[in-house]
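S.K.: Below is the structure, and that's it, no one-letter string:
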């Protein structure tokens, strides 16, 4: 996998929301935007609608683990923002992985994997 950094500033997140293309699912939202940085950057958010701090942190951990399982190399340099939804709390990382893979493929960020294990 290419080097992946994290989005840290509010302006980076707002730019992805405003100018990025979104892909939605009942359990996850993905915003994708090309960047000029030398690597892909990932940001994960979970609002207070998700639940208390324990549930928000679990949602972020599940999304982070699902993204880590992706074996295909990322094509190009993108800002990826994953937004947790209320259904994310009740899913496991393998479920989120199965949701995330087609989203990233449709966005053109990764190449289509022939078999997912």
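M.R.: Looks like it came in fine. What you are looking at is a predicted structure, and each value in this text was computed from that prediction instead of being measured.
S.K.: per-residue confidence for residue 24?
M.R.: The pLDDT attached to residue 24 in the predicted structure is 95.
S.K.: next one: residue 29
M.R.: At residue 29, the predicted lDDT confidence score is 96.
S.K.: I'd like to know how many residues surround it.
M.R.: Summarising burial for residue 29: neighbours were counted as other CB atoms under 10 Å, giving 18. For every residue, glycine as well, the C-beta is placed using N, CA and C.
S.K.: from here on, count from 4
M.R.: All right, first residue 4 from here; so that's residue 32.
S.K.: which residue sits closest to it in space, ignoring its chain neighbours?
M.R.: Counting by CB to CB, 6 or more residues apart in numbering, residue 32 lies nearest to residue 86, which is 4.1 Å off, once chain neighbours are set aside.
S.K.: where does the protein dip in pLDDT?
M.R.: Per-residue confidence of the chain (counting by pLDDT under 70) places the weak regions at 4-5, 116-120.
S.K.: how about the helices in it?
M.R.: For the chain, the helices defined by DSSP state H occupy 13-22, 56-71, 96-110.
S.K.: Tell me how many other residues crowd the residue nearest to residue 32.
M.R.: By the criterion of other CB under 10 Å, residue 86 has 21 neighbours.
S.K.: Same question for residue 55.
M.R.: Using other CB under 10 Å as the criterion, residue 55 is surrounded by 8 other residues.
S.K.: That one: what's it in contact with?
M.R.: Remark: with contacts taken as CB atoms under 8 Å, 6 or more residues apart in numbering, residue 55 is in contact with nothing.
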